[in-house]
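Peer 1: Have a look at this prediction, sequence included:
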Amino acid sequence: MEIAYPSALLTFLLYISILVAVSVYSARAMARTKLEKYVDEFYTAGRGLGALIIAFMIAAGLCSAGTFLGGPGLLWQLGLGWGMVVMAQVFMNFYVLGEFGKKIGIIARRINARSFVDILRYRYENNNIIVIGTVLAMLIFLSAYASAQFVGGARLIETITGFPYSWGLLLYAGIVIVYTTFGGLRGAAMAILVQGIVMTVATIILMIFGISHAGGIEEMFHTMAARSPDFIAPTGSAHLSLAYIASLWVVFGLVISALPHGIMGAMVYKSTKALKRAIIIGGALVILWSFGLTLLCGIAGTTINPELEVLDHNLPFLAFESLPPAFAGLVLAGIGGAIQSTVGMMLIVISGALVNDVYKRYIKPEAAPATMKMVTGVTTGIIGIIVFAIAFTAPPALETIIIFAIGGLASAFFFPLLGLYWPRANQYGAVVSMCGGMAFYIISKQFVPSLTLGMDPIVMSLLLSGALMVGVSKMTPKPSKEVLNVFWGRYPKEG
């Protein structure tokens, strides 16, 4: 089979070889870890990650294929109305670290939390429904989210090589599964550092050459206005309602702070100083990626490619049409890095929930350190393979899956996480808030869309979830003094 762009493929393979080296180094480092500390090191990396890695971990982990592939694809289809939506995410590092970061970092150290589930489990007094509901929500929504990332990576390989989609998926997914399974969070963090640097360089390169190839910013807008005046309207060529656009700002703005793989960064930062720096660095990075790649490069790609069979090919085609193939390979390696960093974090989060909060808690509480080490690696690998298998369905537009997954996770977790700041919130309120919000989201999204009143289902789901949390918590007993002392350091006097 003839390779479409040989030099681009060589550049991409060079990037992959660097990640292989990271995988080998991380695996050796984990192999030297003492058995009794292995699981904690695998999921928390010693809680000593610095500002740059935390910034990349949250920014790249939450931007992912949606920003770099799905977003430009939907911009091509929907117009600048989608561009307005994308800009809601530019402060995602502040959303995560500002809303929950310091509190979760302190509590995670107090209770030695290894997973997202640990935080909610301890806050809501070991309630089994909270534990099971959290794990199920992550299996449903986070697995779908992760599979969309694998699809994005396979699309890149498909574009570079001309190989079948399944070949690209196998090559792309394999490396992520390996460095995550054998290197744990530290391996994922080291990979994220490499990926973050490459994707930032790639963004700058494609902005300069892609926009220039399209004739400059002014010319791009003139071209699109002449071709389709509605494209540059605030509601876009699809005439998205302002209510719907506003509801998507809730998705990509406010509630993105409740995603488990983003919260993971808040559990493992080294110090408050590192946390504050990560907010600033991450903010700058996401503004560059969102405004530069999704918006400006998305418009440039739309300008020079009026016909697209696969929406997610918008940026890859722009790269090959505006850059020499070797540099285009570097750009696509950067895009691929963003996607890989997201998947790595998701696999760690799902694995942590299953190993720490299902296997260790319900199946074999007395498991020896050697057994836990084996279960940790096997579980992470199996999850990666399952997500890989799901990705074979190859959906036509990644962003629709990502929006569904973000909404589902937020409908389950946003208000239970806000319970970290409200002493009166209790396990009963959290249970009905989580179950009610998630059930309403699924029903209104998939079966009764009229319940959403023209908005994304997340808005009505949050209103219901919040009302249930407050109402049920007020009508049922207060949390125990032990929990209140751990989370607030004293027994609060207010009711």
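Peer 2: Okay, I see it. Residues are numbered from 1 along each chain as shown.
Peer 1: Pull the contacting residues for the residue nearest the centre of the chain.
Peer 2: Against the mean C-alpha coordinate of the chain, by Cα atoms, centre = their mean, the closest residue is residue 62 at 3.4 Å. The contact partners of residue 62, by Cβ atoms under 8 Å, 6 or more residues apart in numbering, come to 89, 92, 96, 256, 259, 261-262, 342. To be clear about C-beta, it is placed using only N, CA and C from the backbone, and glycine gets the same treatment.
Peer 1: Among those residues, which are located in helices?
Peer 2: 92, 96, 261-262, 342 (DSSP state H).
Peer 1: Neighbour-wise, which one of these leads?
Peer 2: Comparing those by number of neighbours (other Cβ atoms under 10 Å), residue 342 comes first, having 31 neighbours.
Peer 1: Mind checking what secondary structure the residue nearest to that residue when sequence neighbours are not counted has?
Peer 2: Leaving out its chain neighbours, the residue that sits closest to residue 342 by Cβ to Cβ, 6 or more residues apart in numbering is residue 64, at 3.7 Å. Using DSSP: H, G, I helix; E, B strand; the rest coil, the structure places residue 64 in helix.
Peer 1: pLDDT value on residue 64, please?
Peer 2: You'll see residue 64 listed with a pLDDT of 73.
Peer 1: list the contacts for it?
Peer 2: Contacts of residue 64 by Cβ under 8 Å, 6+ apart are 149, 152, 338-339, 341-342, 402.
Peer 1: Try it again at 6 Å.
Peer 2: 149, 338-339, 342 (Cβ atoms under 6 Å, 6 or more residues apart in numbering).
Peer 1: same thing with residue 126?
Peer 2: With Cβ under 6 Å, 6+ apart, residue 126 has no contacts at all.
Peer 1: Now do the SS call for it.
Peer 2: Using three-state DSSP, the secondary structure recorded for residue 126 is coil.
Peer 1: Quickly name whichever of the contacts of residue 64 is closest to residue 449.
Peer 2: For these, the closest approach to residue 449 (Cβ to Cβ) belongs to residue 149, at 26.3 Å.
Peer 1: So the closest one sits against residue 340, correct?
Peer 2: No: Residue 149 is beyond contact range of residue 340, at 7.7 Å (criterion: Cβ atoms under 6 Å).
Peer 1: TSV for the contacts of residue 64, including pLDDT and distance to residue 358?
Peer 2: Shown next, in TSV, are the contacts of residue 64 (pLDDT from 0 to 100; distance: Cβ to Cβ, whole Å):
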residue	pLDDT	distance to residue 358
149	78	24
338	70	30
339	75	27
342	78	23
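Peer 1: Between these, which sits nearest residue 479?
Peer 2: residue 342 (34.1 Å).
Peer 1: Tell me which helix or strand comes right after the least confident helix or strand in the chain by mean pLDDT.
Peer 2: Lowest mean confidence among the helices and strands of the chain (mean pLDDT, DSSP states H and E): helix 143-161, at a mean of 78. Sequence-wise, the next helix or strand downstream of helix 143-161 (DSSP states H and E) is helix 165-213.
Peer 1: how far out from the middle of the chain is that following helix?
Peer 2: 14 Å (Cα atoms, centre = their mean, to the nearest Å).
Peer 1: which other helices and strands contact that helix?
Peer 2: With contacts taken as 3 or more Cβ pairs under 6 Å, 6 or more residues apart in numbering; DSSP states H and E, helix 165-213 sits against helix 6-31, helix 51-65, helix 143-161, helix 314-322, helix 325-354, helix 369-390.
Peer 1: average model confidence for that helix?
Peer 2: Mean pLDDT, helix 165-213: 84.
Peer 1: residues near residue 32, how many?
Peer 2: Neighbours of residue 32 under the rule other Cβ under 10 Å: 6.
Peer 1: quick one: it and residue 23, what's the gap?
Peer 2: For residue 32, the distance to residue 23 equals 15 Å [Cβ to Cβ, to the nearest Å].
Peer 1: And for residue 248?
Peer 2: Distance from residue 248 to residue 23, by Cβ to Cβ: 36 Å.
Peer 1: swap in residue 346?
Peer 2: In terms of Cβ to Cβ, residue 346 sits 17 Å off from residue 23.
Peer 1: What of residue 205?
Peer 2: 26 Å.
Peer 1: who has more neighbours, these two?
Peer 2: Remark: of residue 205 and residue 23, residue 23 carries more neighbours, 22 against 18, as counted by other Cβ under 10 Å.
Peer 1: show me what contacts the closest residue to that one other than its chain neighbours?
Peer 2: In space, and not counting its chain neighbours, residue 23 is closest to residue 179: 3.7 Å by Cβ to Cβ, 6+ apart. Contacts for residue 179 (Cβ under 6 Å, 6+ apart) come out as 23, 187, 191.
Peer 1: Throw those residues into JSON lines and include distance to residue 171, thanks.
Peer 2: Output for the contacts of residue 179, formatted as JSON lines (distance: Cβ to Cβ, whole Å):
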{"residue": "23", "distance to residue 171": "14"}
{"residue": "187", "distance to residue 171": "19"}
{"residue": "191", "distance to residue 171": "16"}
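Peer 1: Quickly name whichever of these is closest to residue 364.
Peer 2: Among these, and counting by Cβ to Cβ, the member closest to residue 364 is residue 187, at 25.4 Å.
Peer 1: That closest one contacts residue 26, doesn't it?
Peer 2: Yes: taking contacts as Cβ under 6 Å, residue 187 lies within contact range of residue 26: 3.1 Å.
Peer 1: Just want to know which of the two has more residues nearby.
Peer 2: Using other Cβ under 10 Å, the more surrounded residue of residue 187 and residue 26 is residue 187, with 27 against 23.
Peer 1: so who does the more buried one touch?
Peer 2: By Cβ under 6 Å, 6+ apart, the residues touching residue 187 are 26, 179.
Peer 1: For residue 443, give me the pLDDT.
Peer 2: What the model reports for residue 443 is a pLDDT of 95.
Peer 1: ditto for residue 1
Peer 2: Taking residue 1 on its own, its pLDDT is 49.
Peer 1: Next: residue 393.
Peer 2: 69.
Peer 1: And residue 493, by the same measure?
Peer 2: For residue 493, the model assigns a pLDDT of 54.
Peer 1: now swap in residue 346 and tell me
Peer 2: On the pLDDT scale, residue 346 gets 85.
Peer 1: ditto for residue 264
Peer 2: Confidence score, pLDDT, at residue 264: 86.
Peer 1: mind listing what it touches?
Peer 2: So residue 264 contacts residue 349 (Cβ under 6 Å, 6+ apart).
Peer 1: Please, which helix or strand holds it?
Peer 2: According to DSSP H and E, residue 264 maps onto helix 260-267.
Peer 1: Appreciated, that's everything.
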